[in-house]
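# sequence and predicted structure below; questions after.
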Amino acid sequence: TGSQSTSFGWLGEKLRGVQGLYSLQDLHLMQENTRTISRAVVVGGGLIGIEAAEMLHSRGIPVTFLVRENRYWGNVLPREESTLIERHIREHHIDLRLHTSLDSILPGSDNRVRAIRTSSGEEIPADFVLLATGVRPNISLAQTSGIKCARGIQVNQYFETSMPSVYAIGDCAEMLFDDDSSLIEPLWYAGRSHGETLARTILGQRTAYKPGVFFNSAKFFDLEYQTYGIVRNELHPGQKTLCWHHPDGTKLIRLVYIEKAVTGFNLLGV
């Protein structure tokens, strides 16, 4: 059942020209909604937001990009990575507004969005608004079926739900561990591994899921990004880091380590 776009109940979020971006249907709607527009606003400082800004920019549509935090993707990236990406976004002529929250979405005469208002009271004209403020597991079907859910559809290490012969993997699944912690992995690479693991169980070879070394990749316009292992936005006790910048300002390599053991890498532009 995947995920669904997160909504925060903003005034005007149901207006024409306002949408999220998760499914293929959302992409088709975006193509329709942006056919004749002159200006767009993207709300949310994650990966979907930057990809949407790039799509709009590639079609010659001016974009204002609202990020609530004081740096781009600050809940994931260390400050140096955020700074490099922020510069890259602005070099591609995106109007990046850090520390700026959406207050409301304002209607025009035809029930279509005409502008947004920020939390500081500024009005920014827009005839298209993309709400890229994250996703959450789509659990409504499981809930109405009596399957145990919390943040997601609860599963054990074999992806078994509370109902016999019903499994959950991917964006909608919340894996429970013996120490009462849980994990949701809304990543393509993880979803592929979930499917390969569960296939063995369904074919008679009951197999536990082993997450392995974390990996993710993305692109910020033409800037490649990979992360391996665990690299947090702030160092935890006992962790140290080495961060190398290329003199041209477009490449970065970070190592995070504890004593003599490397525990994570970030690569930008490499």
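Yep, it's here. Note that the structure is a prediction, hence the values are computed from the model and not measured. Numbers count the residues shown, from 1 in each chain.

# going by C-alpha atoms from here, please, whenever you check contacts or count neighbours.
Fine.

# so what strands line up beside whichever strand or helix holds residue 64?
Using DSSP states H and E, residue 64 maps to strand 63-67. When pairs are called by DSSP bridges, strand 63-67 turns out to pair with strand 40-43 (parallel), strand 95-98 (parallel).

# what is the neighbour count of residue 116?
Look at residue 116: counted by other CA atoms under 10 Å, it has 25 neighbours.

# returning to that earlier point: just send the strands paired with strand 63-67 back as TSV, with mean neighbour count too.
Output for the strands paired with strand 63-67, formatted as TSV (neighbours: other CA atoms under 10 Å):
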stretch	mean neighbour count
strand 40-43	26
strand 95-98	18
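
# Serialize those strands to CSV and add fields for mean pLDDT and distance to residue 116.
Shown next, in CSV, are the strands paired with strand 63-67 (pLDDT from 0 to 100; distance: least, CA to CA, whole Å):
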stretch, mean pLDDT, distance to residue 116
strand 40-43, 98, 8
strand 95-98, 98, 13
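
# related to what we said a few turns ago, mind giving me the packing neighbours of the very next helix or strand once past the strand holding residue 64?
Counting by DSSP H and E, the next helix or strand C-terminal to strand 63-67 is helix 79-91. The helices and strands touching helix 79-91, judged by 3 or more CA pairs under 8 Å, 6 or more residues apart in numbering; DSSP states H and E, are strand 95-98, strand 215-220.

# which one of the ones you listed lies nearest to residue 51?
Among these, the nearest to residue 51 by CA to CA is strand 215-220 (7.2 Å).

# for residue 190, find the nearest of the helices and strands packed on helix 79-91.
Here strand 215-220 is closest among these (CA to CA), at 8.6 Å.

# nearest to residue 57, of the helices and strands packed on helix 79-91?
strand 95-98 (10.8 Å).

# returning to what we had before: any chance of the strands paired with strand 63-67 in CSV, plus distance to residue 257?
Formatted as CSV, the strands paired with strand 63-67 follow (distance: least, CA to CA, whole Å):
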stretch, distance to residue 257
strand 40-43, 34
strand 95-98, 30
